[in-house]
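> here is a sequence together with a model predicted from it:
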Amino acid sequence: MIPLVEEVLDRKNLKMAVPIISSESNDPSVGPRAYFLQVSPEEEAALVGLGTIAKDGFAFNIIRFGFTMPTYVLSLAHLYGTLEDITDLIMKILSDDPFQAIILDLARSNPNIEQGEPDIDLIYDVLNSVKVTQTDWLTQGGIMEKATHLYIRSPAGDLESFNFWKAKLRSLDFSDPFIGTGALIGPWKCLGCFGVDHPTGLCPFPKVPGWQGPPIPPRNTAPPPLPNATFPYDHQQAPLPTHFDSSQYPRLSQPSRGTFRKAKRGRL
Ligand SMILES: [Zn+2]
């Protein structure tokens, strides 16, 4: 890659930092990756003007480096549908008119977003960036269930607007009679990579070839969520109360109890 950029710029001794995982990628063992190049302002303008460089089946896009708002916004427990069902529910909630108006307001006041676009394009740019993932999650009652994580591109251009955006997202009601009542959990603080969207035991980075950081802890030592995680309770839809006794509460759309693994109390 370096020789190719040097050829384009007609210079030598180009400096490039080690690649990092692109923020859009959830699996660190595959791409896309981002590479930082140290160039002069004139060279930056020339490279960004090209947009894409490709040769011999190898291609990369060039973008100007700037501060990017985080895409991770929240995690939910107690949603029991398939990933597809849960993604549909989240998309339905985010596509409500009042939420579209919030997206548009933020995008229109963001100096980093091209303002020539029609309203609907600005809104769909954000909605189309939605990515929903799931990981195993150990409840405070020691029940293994799925945590659902929401990633979405921010229409906010500064930190204050971003905090407003995140608060709005976190105040939405992610509930459905068939899927469950989504309860906010996390953010976590991974001790391996300091990420906030997973506990240390589920850190994806130790799977990166050549990883030099802490090893992957055994799965059964994954820490429980932070003690101040909130559990909005809706009796009709039966989410898990903090001290869950499975013999007392019927649960919605739940596989047979035999599939849940109970953790030892001493670990909590
Ligand atoms: Zn991590």
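Alright, I've got the coordinates. Residues are numbered from 1 along each chain as shown.
> got the buried residues for stretch 182-201?
By neighbour count on 16 or more other Cβ atoms under 10 Å, the buried set for stretch 182-201 is 182-188, 190, 192-193, 195, 197-201. C-beta coordinates here come from the backbone N, C-alpha and C atoms, glycine included.
> what about it, near the ion?
Yes: using Cβ under 5 Å from the ion, stretch 182-201 reaches the ion at 190, 192, 193, 195.
> pull the most distant pair out of the buried residues of stretch 182-201.
Spatial extent of the buried residues of stretch 182-201 (Cβ to Cβ) is set by the pair 182 and 192 at 26.7 Å.
> run a quick neighbour tally on residue 158.
Residue 158 has 15 neighbouring residues, counting by other Cβ atoms under 10 Å.
> what does the pLDDT read for it?
Note on residue 158: pLDDT of 84.
> distance of residue 134 from the ion?
Distance from residue 134 to the ion, counting by Cβ to the ion, to the nearest Å: 16 Å.
> looks to me like that residue is in a strand.
Yes: the assignment for residue 134 is a strand, going by DSSP: H, G, I helix; E, B strand; the rest coil.
> is it in contact with residue 197, as I believe?
No: using Cβ atoms under 8 Å, residue 134 is not in contact with residue 197; the gap is 11.7 Å.
> any residues in contact with both of the two?
Shared contacts of residue 134 and residue 197, defined by Cβ atoms under 8 Å, 6 or more residues apart in numbering, are found at residue 149.
> turn the residues of stretch 182-201 next to the ion into JSON lines, columns for secondary structure and pLDDT.
What follows is those, written out as JSON lines (DSSP: H, G, I helix; E, B strand; the rest coil; pLDDT from 0 to 100):
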{"residue": "190", "secondary structure": "coil", "pLDDT": "86"}
{"residue": "192", "secondary structure": "coil", "pLDDT": "81"}
{"residue": "193", "secondary structure": "coil", "pLDDT": "81"}
{"residue": "195", "secondary structure": "coil", "pLDDT": "83"}
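> so, low pLDDT: which residues of the stretch 101-250 of the chain?
Across the stretch 101-250 of the chain, the ranges flagged by pLDDT under 70 are 214-250.
> strands of that one, residue ranges please.
Under the criterion DSSP state E, counting those that start in this stretch, the stretch 101-250 of the chain contains strands at 131-138, 144-151, 175-176, 180-185.
> who in the protein is up against the ion?
Within the chain, the positions adjacent to the ion are 190, 192, 193, 195, 203 by Cβ under 5 Å from the ion.
> if you set the cut-off to 6 Å instead, what comes out?
190, 192, 193, 195, 198, 203, 205 (Cβ under 6 Å from the ion).
> pretty sure the fourth one contacts residue 213?
No: distance between residue 195 and residue 213: 11.8 Å, which falls outside the contact criterion (Cβ under 8 Å).
> residue ranges of the helices in the stretch 151-268 of the chain, please?
Taking DSSP state H, counting those that start in this stretch, the helices of the stretch 151-268 of the chain run over residues 159-170.
> ok, of the residues of stretch 182-201 next to the ion, which one's closest to residue 174?
Looking at the residues of stretch 182-201 next to the ion and their distance to residue 174, the nearest is residue 195, at 21.8 Å (Cβ to Cβ).
> check contacts around that closest one.
By Cβ under 8 Å, 6+ apart, the contact set of residue 195 is 188, 203.
> now it, what are its backbone angles?
Backbone torsions for residue 195, taken as degrees, to the nearest 10, come to phi -70, psi 160.
> then residue 141?
Phi and psi for residue 141, reported as degrees, to the nearest 10, are phi -80, psi 0.
> okay, stretch 176-195 in CSV with CA atoms only?
Taking Å, rounded to 0.1, in the frame of the first residue of the first chain, the C-alpha atoms of stretch 176-195 are listed here in CSV:
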residue,chain,number,x,y,z
ASP,A,176,-43.2,-5.4,21.9
PRO,A,177,-45.9,-7.7,23.2
PHE,A,178,-44.3,-10.7,21.4
ILE,A,179,-40.6,-9.9,21.9
GLY,A,180,-40.4,-8.4,25.4
THR,A,181,-39.6,-5.2,27.2
GLY,A,182,-36.2,-4.0,26.4
ALA,A,183,-34.3,-3.0,29.6
LEU,A,184,-31.2,-0.8,29.3
ILE,A,185,-28.0,-2.5,30.5
GLY,A,186,-24.4,-1.3,30.5
PRO,A,187,-22.4,0.5,29.4
TRP,A,188,-19.6,-1.8,30.4
LYS,A,189,-15.9,-1.0,30.8
CYS,A,190,-13.8,-3.7,29.1
LEU,A,191,-10.6,-4.1,31.0
GLY,A,192,-8.9,-5.4,27.8
CYS,A,193,-9.6,-2.7,25.3
PHE,A,194,-11.6,-0.1,27.4
GLY,A,195,-14.6,-0.5,25.1
